[in-house]
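>>> pasting the structure only:
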């Protein structure tokens, strides 16, 4: 069995960061953070409430 480098295989960031409003990390696929450290899912949820 060959050992795989998971970080390279899944293109994960080396430094793990979490959203300021929820518990989503930057290792989730297709997630982005704004300049305030809030994830795109929280920003979209706020947009839908308005």
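Nice, I can see it. Predicted model only: the values in this text are computed from it and were never measured.
>>> Find the residue closest to residue 34 in space, skipping its chain neighbours.
Residue nearest to residue 34 in three dimensions, not counting chain neighbours: residue 43, with 6.4 Å by CB to CB, 6 or more residues apart in numbering. (C-beta placed from N, C-alpha, C; glycine too.)
>>> Give me the longest helix you can find in this protein.
In the chain, with assignment by DSSP state H, the single longest helix is helix 40-49.
>>> From the chain's centroid, how far away is that helix?
Distance of helix 40-49 from the chain centroid (CA atoms, centre = their mean, to the nearest Å) equals 15 Å.
>>> could you give the mean pLDDT of that helix?
What helix 40-49 shows for mean pLDDT is 97.
>>> hmm, who's touching that helix?
The contact list for helix 40-49 (CB atoms under 8 Å, 6 or more residues apart in numbering) reads 19, 21-22, 24, 31-34.
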